[in-house]
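# here's a sequence, model it:
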Amino acid sequence: MDAQRPPDEPRDDLDVDALPPVEGELEPGEDAHGSELPDLQIPAPGRTLSAVSVRVGPTADFVELLVRLREAGADVVSVNSFPATRGEAGVDRVLDVEFRDLDGEAAAAAVRGAPGVVVAEPRPTLGQIFGKRVIIIGGGAQVAQVSLGAVSESDRHNLRGERISVDTIALVGERNIASTVRAVADLPRAHVLVLAGSIMGGEITAAVRDLQAAGIPVISLNQVGSVTDVADLVVSDPVQAGTMAVMAIADTARFSLDRARGRRL
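Model (predicted):
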């Protein structure tokens, strides 16, 4: 029996936030209420999402490696190449590939015999590790308070099997912020943006519209400027704004941004 609940008070078992967290209650990517933003880099029910790390020498042909993966049945969704950092002999580059419909070991086996390949091994995808991302942009003091709410709330949902991470950047200047807002559309696994500032409008407002057109919702602090006229949700308390941003994208939450869209809290 709940120590803080009167014995005759009914308990709403549909209220997820009223229940104690259960490890693995919801697997990452298992959508409790339907996703509004399909993301190929987030694990989805019924689809295999895997990754392979291929460490290669100067003679490797990246195109050939991708063709081999495709021929093995992989639906490639992400490719990253960067300089080698482990000091392995004969390795100067690393190719990380994320894909669907093929397990990691089968993918590694498909590319191991290719020219220039030194090591090929499966690894978890970044979506399985870091999950969905909350992006917070604005002034340093406001960003700090929004991130406090977002990190605290994401902890509760991650305990239930979610994977939600929080990214922040403190910026000043209309052009700087506007260009960064537009760039959020190109960030892997970005699912919601929070604008944490005191005065935002002009080019930033236009950038918000562009980002919304790409399918990413925007929550704004209540502030001076026209950005509050176009944001999906306006929240006065920065800690609450961060909390609601996480709730808006968490499959383990019972909060729908659609129902709150256009409101000022």
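# wait, what's in contact with residue 229?
Counting by CB atoms under 8 Å, 6 or more residues apart in numbering, residue 229 touches residue 205. Using the backbone N, CA and C atoms, a C-beta is placed for each residue, glycine as well.
# how about the helix or strand of the chain with the lowest mean pLDDT: buried residues?
Using mean pLDDT, DSSP states H and E, the weakest-scoring helix or strand in the chain turns out to be helix 257-260, at a mean of 78. Along helix 257-260, these residues count as buried under the neighbour rule (16 or more other CB atoms under 10 Å): 257, 260.
# with stretch 216-228 instead?
For stretch 216-228, by 16+ other CB under 10 Å, it's 216-221, 223, 225, 227-228.
# how about the helices in the chain?
62-71, 104-111, 126-129, 140-158, 174-183, 203-213, 227-230, 238-249, 257-260 (DSSP state H).
# would CSV of the ones you listed with distance to residue 90 be doable?
As requested, these are exported to CSV (distance: least, CB to CB, whole Å):
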stretch, distance to residue 90
helix 62-71, 16
helix 104-111, 16
helix 126-129, 26
helix 140-158, 39
helix 174-183, 36
helix 203-213, 43
helix 227-230, 52
helix 238-249, 42
helix 257-260, 50
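# single out the most deeply packed of the ones you listed.
Highest mean neighbour count of the helices of the chain: helix 238-249, a mean of 24 (counted as mean count of other CB atoms under 10 Å).
# give me the number of residues near the closest residue to residue 172 other than its chain neighbours?
Leaving aside its chain neighbours, residue 172 sits nearest to residue 139 (6.9 Å; criterion: CB to CB, 6 or more residues apart in numbering). Residue 139 has 19 neighbouring residues, counting by other CB atoms under 10 Å.
# state the distance from residue 139 to residue 123.
Using CB to CB, to the nearest Å, residue 139 is found at 37 Å from residue 123.
# again, but for residue 132
To residue 123, residue 132 is 19 Å away according to CB to CB.
# between the two, which one's more packed in?
residue 132 (26 against 15).
# with adjacent residues omitted, what lies nearest to that one?
residue 191 (4.4 Å).
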